[in-house]
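Peer 1: Build the 3D model from these lines:
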Amino acid sequence: MKRQKLVTLDVEGVLTPEVWVNLAIRTGIEALMVTTREVRDYDLLMKKRLAILDEHGLKMSDISAVLATLEPLGGARDFLDDLRADYSVVLLSDTFSQFAAPLMAQLGQPSILCHQLEVVDDHIDDFVIRIPDHKRRSVEAFRSLNYHVLSAGDAYNDLAMIRAANSGALFLAPDNVIDENPDLPAFDNYGDLRAWIDDAVADGGA
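Peer 2: Numbers count the residues shown, from 1 in each chain. Prediction:
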């Protein structure tokens, strides 16, 4: 019996802009420019981010104002629509449902698994991780259900997902991530990523 093909993709930096980077640009807070492209420990990164928000008195409404200005990356909607016509697609992200909602609406409401923020009276009290290492564990779960999984992402927090898949690639990744993972194919446009997905599916056989 042939296995169904499933594609898992990261979101920020792959299909949408980086929310924290855009918040940093809007507020002028340079410390918020740091992302999972530079930092491996996501839990530590988020704790630092929330501390910075408190230090500067930034609320959920301030982030929502930034989100309202963002659009998917150029070509992302067409790429995703085209991909979903041929494959099952699940977005695996370390973003939060509150951040993702307006951007997912612009992307045609694809399936996304991500985390949540605890927001009380406009203050971000905490973040709630869906499960630890959720990208890798999601891919492993999909494979246990007899899916042939192809994964792509751009940052350190995507590497476990990429390496857990039947086939994995980097997309729009920074040089440091590419240089540290020379065995992974790396692409910088949606056309080449789609061609790789189709080729990897063909090479994967049943």
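
Peer 1: pLDDT at R3, what is it?
Peer 2: At R3, the model reports a pLDDT of 77.

Peer 1: Torsion angles phi and psi at the spatially closest residue to it that is not a sequence neighbour?
Peer 2: Leaving aside its sequence neighbours, R3 sits nearest to H148 (Cβ to Cβ, 6 or more residues apart in numbering; 4.4 Å). In this view, the C-beta of every residue, glycine as well, is placed from N, C-alpha and C. With angles defined as degrees, to the nearest 10, H148 sits at phi -90, psi 110.

Peer 1: quick one: average pLDDT of stretch 82-97?
Peer 2: Stretch 82-97 comes out at a mean pLDDT of 97.

Peer 1: So what would you say the end-to-end distance of that stretch is?
Peer 2: 24 Å (Cα to Cα, to the nearest Å).

Peer 1: in that stretch, what's buried?
Peer 2: 83, 87, 89-97 (16 or more other Cβ atoms under 10 Å).

Peer 1: Helices of the protein, residue ranges please.
Peer 2: Taking DSSP state H to define them, one finds helices in the chain at 19-27, 42-56, 60-67, 76-86, 97-106, 134-144, 159-164, 175-180, 190-204.

Peer 1: Off-centre distance for the last one?
Peer 2: For helix 190-204, the distance between its averaged C-alpha position and the chain's averaged C-alpha position is 19 Å (Cα atoms, centre = their mean, to the nearest Å).

Peer 1: packing partners for the lowest-mean-pLDDT helix or strand in the chain?
Peer 2: Here the helix or strand of the chain ranked lowest by mean pLDDT, DSSP states H and E is helix 190-204, holding a mean of 92. For helix 190-204, the packing partners by 3 or more Cβ pairs under 8 Å, 6 or more residues apart in numbering; DSSP states H and E come out as strand 5-9, helix 76-86, strand 148-153, strand 167-171.
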